[in-house]
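A.B. asks: generate coordinates for the sequence data below:
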Amino acid sequence: MDCQGLVARLVMDFVLLTTAVEVAGRWRELAERLVKVSRQQMDAYEAPHRDKNGVVDSEAMWKPAYDFLVTWAAQIGDSYRDVIQELHMGLDKMKSPITKRWKHLTGTLILVNCLDVLRSSAFSPAAQDDYAI
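C.D. replies: Predicted structure coming up:
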């Protein structure tokens, strides 16, 4: 069964969620590195997550980060490779980039770039003896 689309979608959703959690309080800096976002737009991402005092709790800061990343990814398009590559480059541009200590995204980028090769190998009509295991 060929499930590459499902795997790609799950990987991209995982990357967006874990990135949101990882950057949390620094999400505004990431947003500025990825696309031009106004202060009003950033405030709009945080508005639904504010408490009755008008503050977003530091433990809930991943929520506006995730909202932003999902919206941003939808604007990039359907290419999960492009989304993850652009995200990786945006994270690298941050002050004290998290990609130096957080290698998960690099590994995921390698995985998504190999999905086509894995798919063609798995669903190839060639004999199994042709591949080294």
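A.B. asks: any idea how many residues pack against residue 71?
C.D. replies: When neighbours are defined as other CB atoms under 10 Å, residue 71 has 14 of them. Quick note: C-beta positions are derived from backbone N, CA and C, even for glycine.
A.B. asks: helix, strand, or coil at it?
C.D. replies: Here residue 71 is helix, with the state taken from DSSP: H, G, I helix; E, B strand; the rest coil.
A.B. asks: quick one: pLDDT of it?
C.D. replies: At residue 71, the model reports a pLDDT of 95.
A.B. asks: and the gap between it and residue 115?
C.D. replies: Using CB to CB, to the nearest Å, residue 71 is found at 24 Å from residue 115.
A.B. asks: and what of residue 53?
C.D. replies: Taken as CB to CB, the span from residue 53 to residue 115 is 45 Å.
A.B. asks: so which of those two has more stuff around it?
C.D. replies: Taking other CB under 10 Å, residue 53 and residue 115 do not tie; residue 115 has more neighbours (16 against 6).
A.B. asks: element containing that one, please.
C.D. replies: Assessed by DSSP states H and E, residue 115 sits inside helix 104-122.
A.B. asks: buried residues in that helix?
C.D. replies: 105, 108, 109, 112, 115 (16 or more other CB atoms under 10 Å).
A.B. asks: next one: stretch 35-44
C.D. replies: 37, 42.
A.B. asks: ok, residues contacting that stretch?
C.D. replies: Stretch 35-44 has contacts (CB atoms under 8 Å, 6 or more residues apart in numbering) with 28, 31, 64, 68, 72, 75.
A.B. asks: and for stretch 100-112?
C.D. replies: In contact with stretch 100-112 (CB under 8 Å, 6+ apart) are residues 8, 11-12, 14-15, 18-19, 22, 80-81, 84-85, 87-88, 91, 99.
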